[in-house]
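In: show me the folded form of this:
(one chain, ligands or ions: 2)
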Amino acid sequence: MMSEEKKKAKLNKETFRKSLKLYKYIKPYRGEFAVGLIFLLLSSAANLAFPKYLGDLVDATNTDKIVENIQEVSLILIGILVAQAIVSFFRVVLFVNVTEKTLASLRQATYTHLIKLPISFFNKKRVGELNSRISSDISLLQETFTTTIAEFIRQLVIIIGGVVILLFTSPKLTLFMLAILPVVVVIAIFFGRFIRKYSKDVQGQVAESNTIVEETLQGIFNVKAFANEFLEMGRYKTKINEVARTGMKGGKYRGAFSSFIILGLFGAIVAVIWQGVNLIATGELKTGELFSFVIYSGFIGGSIGGFANVYANIQKAIGATEELMEILEEPTEDLEETKSNEKLEGFKGKLSFQNVAFEYPSRQDMQVLNNISFDALPGEQVAIVGPSGAGKSTLVSLILRFYEPSSGQILYDDKNGIDYNLSSLRNQMAVVPQDVLLFGGTIRENIAYGKPDASEEEIIAAANQANALEFIQDFPEGLETLVGERGVQLSGGQRQRVAIARAVLKNPSILILDEATSALDSESENLVQDALDKLMVGRTSIVIAHRLATVRRANKIVVLDKGEIVETGTHDELVDLENGMYRKLSELQFAH
Ligand SMILES: Nc1ncnc2c1ncn2[C@@H]1O[C@H](COP(=O)(O)OP(=O)(O)O)[C@@H](O)[C@H]1O
Ligand SMILES: [Mg+2]
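Out: Ligands and ions are numbered 1, 2, ... in the order given. Just a heads-up that it's a prediction; the model follows:
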């Protein structure tokens with residue numbers, strides 16, 4: 001999790017420049033936003049007029065025409081209230097409209113951008129963190145636009161306007177008030193923060209003590225088996241005493257804080273009133289003026305107090321914006337919307353590696369693939385074998401163009417991969433990996449992922465070809481069966497066959513199987529293998545297999561070790577090689 005501190009951006013030119021890019025998303029609604037701002041100024045001004053007329057109401061009793069005066073001032077007060085109520089309504093509505101529309105386009109822009117970023121970006125970032133950061137960044141902006149900006153402006157108007165009005169009422173008293181009130185408020189803010197931080201510490205310690213309870217009760221079997229009850233009792237006691245000590249220390253600070261508020265804040269008010277009454281005595285001030293003076297002082301004090309909070313929120317919002325903008329500045333893949341299984345005209349599915357070398361962007365000093373050259377002719381079945389870590393899955397990523405080779409090239413139908421549009425090239429390929437992750441919908445939706453506009457017949461035919469129809473029909477809800485989050489409600493072999501049905505629908509020219517049967521028990525392996533055999537017919541297939549029995553019939557076997565090709569040939573050729581790696585591997589596997 002991001003710490004609070006880290007989220008607050010240092011306010012400098014660079015962060016400001018980045019944050020200003022947010023304007024692009026507000027721009028279409030700037031008219032509404034401007035009107036909202038005007039309404040905000042109006043309602044803040046009305047707010048400011050209120051204490052003035054309250055004071056007048058008090059002073060209305062000091063003249064001859066008491067009743068008329070009271071009526072007039074009261075009417076003005078009611079008028080102000082009504083005006084403020086109307087203006088506030090439209091202000092809130094306008095701000096919320098602008099915010100929702102802005103955030104909708106920002107959310108769409110972020111997701112659109114994010115989903116087009118290359119795999120190397122997702123290697124750098126943890127997906128969960130990315131997701132929660134974006135949603136928390138965006139809700140922070142929501143708060144900023146709907147409340148923080150309004151608060152900021154309102155408080156600014158109140159502080160400046162209030163001081164100006166007070167200066168007109170009584171410069172002497174204003175200066176007196178300004179000499180004490182802000183100081184007291186600022187001290188109160190820092191004191192308050194300190195106490196909040198302290199109570200967070202207490203909460204942290206309580207959480208730690210809860211962890212002890214949770215762990216030991218969950219692991220009660222271990223605690224008892226090791227006869228450690230007394231040890232745990234001691235551990236808990238120490239922690240709880242610590243909690244109590246911290247809590248009591250905090251209590252002293254809280255006591256001091258309330259004493260300070262009583263003496264400082266109310267003392268300041270009393271001092272202002274005392275000074276004001278003196279001025280009334282000398283005839284420099286009227287009672288009603290003192291009355292409104294005290295209310296203004298309260299407004300100003302409150303606004304100064306709220307300012308710290310607003311400032312912190314704005315800082316956080318700028319930090320959030322900066323991080324969002326950084327994501328939006330990451331270069332995306334060159335993708336283009338294509339029909340999901342549109343065939344490239346005349347694409348045959350020939351694949352050639354020419355002196356390909358590769359290292360991952362995140363680990364540049366480790367050569368993962370080196371000098372890789374081989375051909376897979378259209379319709380051919382090429383097996384890649386080799387020990388774990390040899391670079392087989394990396395090869396798959398390169399075929400899918402998740403990454404670009406650092407040297408050499410990969411040709412598809414004798415044309416360099418970079419000369420194809422990425423989306424349409426990937427549309428010619430399908431992958432069945434070792435661990436299939438399904439989306440948490442129905443079986444039908446998951447199969448149709450290979451061809452979103454597939455008809456009922458096509459889906460059933462695909463399921464049938466993938467040896468999946470039988471188990472699907474055994475479910476009471478058939479194709480409408482929910483697979484659970486990530487497909488957990490299906491067995492490994494069932495998930496695999498759903499993935500194969502998906503690939504059948506996609507009808508790719510190049511099929512890639514990355515250890516597609518490795519994680520299965522032998523019964524489902526047979527069903528899956530049979531489905532795969534059917535799927536491979538007539539397609540260029542790259543088969544990575546752990547169990548060599550499944551690659552015997554391949555047209556060509558490429559043996560990979562430590563990122564380099566060490567042998568190439570058919571099964572019969574390779575088992576004849578003295579000291580060959582393939583021979584060693586197969587002897588190991590078939591020995592028992
Ligand atoms: N995303 C990645 N970033 C950095 N290194 C990686 C990444 N994926 C794999 N590797 C490294 O590349 C090497 C080859 O991995 P891989 O292609 O998965 O091997 P195989 O599939 O043959 O078992 C390994 O040393 C692995 O640690
Ligand atoms: Mg692998």
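In: and the nearest residue to residue 285 once chain neighbours are set aside, how many residues sit next to it?
Out: Using C-beta to C-beta, 6 or more residues apart in numbering and skipping residues adjacent in sequence, the residue nearest residue 285 is residue 279, 4.0 Å away. No exception for glycine: its C-beta is placed from N, CA and C like everyone else's. Neighbourhood size, residue 279 [other C-beta atoms under 10 Å]: 19.
In: element containing the residue most central in space within the chain?
Out: What sits nearest the mean C-alpha location of the chain, by C-alpha atoms, centre = their mean, is residue 131, with 2.4 Å. The secondary structure element spanning residue 131 is helix 127-143 (assigned by DSSP states H and E).
In: against which helices or strands is that helix packed?
Out: helix 66-115, helix 287-329 (3 or more C-beta pairs under 8 Å, 6 or more residues apart in numbering; DSSP states H and E).
In: rerun that using 10 Å as the cut-off
Out: helix 4-7, helix 66-115, helix 119-124, helix 287-329 (3 or more C-beta pairs under 10 Å, 6 or more residues apart in numbering; DSSP states H and E).
In: re earlier: show me the contacts for the residue nearest to the centre of the chain.
Out: 114, 125 (C-beta atoms under 10 Å, 6 or more residues apart in numbering).
In: residue 207 versus that one, what's the distance?
Out: As for residue 131, its distance to residue 207 is 24 Å (criterion: C-beta to C-beta, to the nearest Å).
In: what of residue 39?
Out: For residue 39, the distance to residue 207 - C-beta to C-beta - is 45 Å.
In: what about these two, which has more around it?
Out: Under the neighbour definition other C-beta under 10 Å, residue 39 and residue 207 were set side by side, and residue 39 has more, 21 against 10.
In: per-residue pLDDT, the residue lying closest to that one once chain neighbours are set aside?
Out: Distance criterion C-beta to C-beta, 6+ apart; nearest residue to residue 39, sequence neighbours excluded, is residue 91 at 3.8 Å. With respect to pLDDT, residue 91 scores 90.
In: contacting residues for residue 91?
Out: 35, 36, 37, 38, 39, 40, 41, 42, 43, 44, 84, 150 are the contacts of residue 91 under C-beta under 10 Å, 6+ apart.
In: which ones are touching the third one?
Out: With contacts defined as C-beta under 10 Å, 6+ apart, the neighbours of residue 37 are 91, 94, 95, 149, 150, 153.
In: the last one: how many residues sit nearby?
Out: Right, residue 153. Residue 153: 15 neighbours (other C-beta under 10 Å).
In: ditto for residue 68
Out: Residue 68 has 11 nearby residues by other C-beta under 10 Å.
In: check residue 210 too.
Out: 11.
In: same check on residue 185?
Out: Residue 185 has 21 nearby residues by other C-beta under 10 Å.
In: how near is it to ligand 1?
Out: 54 Å (C-beta to the nearest ligand atom, to the nearest Å).
In: the helix or strand containing that residue - contacts with which helices or strands?
Out: In the assignment (DSSP H and E), residue 185 maps to helix 171-218. Contact analysis of helix 171-218 by 3+ C-beta pairs under 10 Å, 6+ apart lists helix 149-169, helix 220-225, helix 229-260, helix 267-281, helix 287-329 as its packing neighbours.
In: relative to residue 569, how far out is residue 590?
Out: 18 Å.
In: which of these two has more neighbours?
Out: residue 569 (16 against 10).
In: tell me the bridge partners for that one.
Out: residue 557 (DSSP bridges).
In: may I see the buried residues of stretch 53-73?
Out: The neighbour-count check on stretch 53-73 (16 or more other C-beta atoms under 10 Å) flags 53, 54, 55, 56, 57, 58, 59, 60, 69, 73 as buried.
In: okay then, goodbye and thanks.
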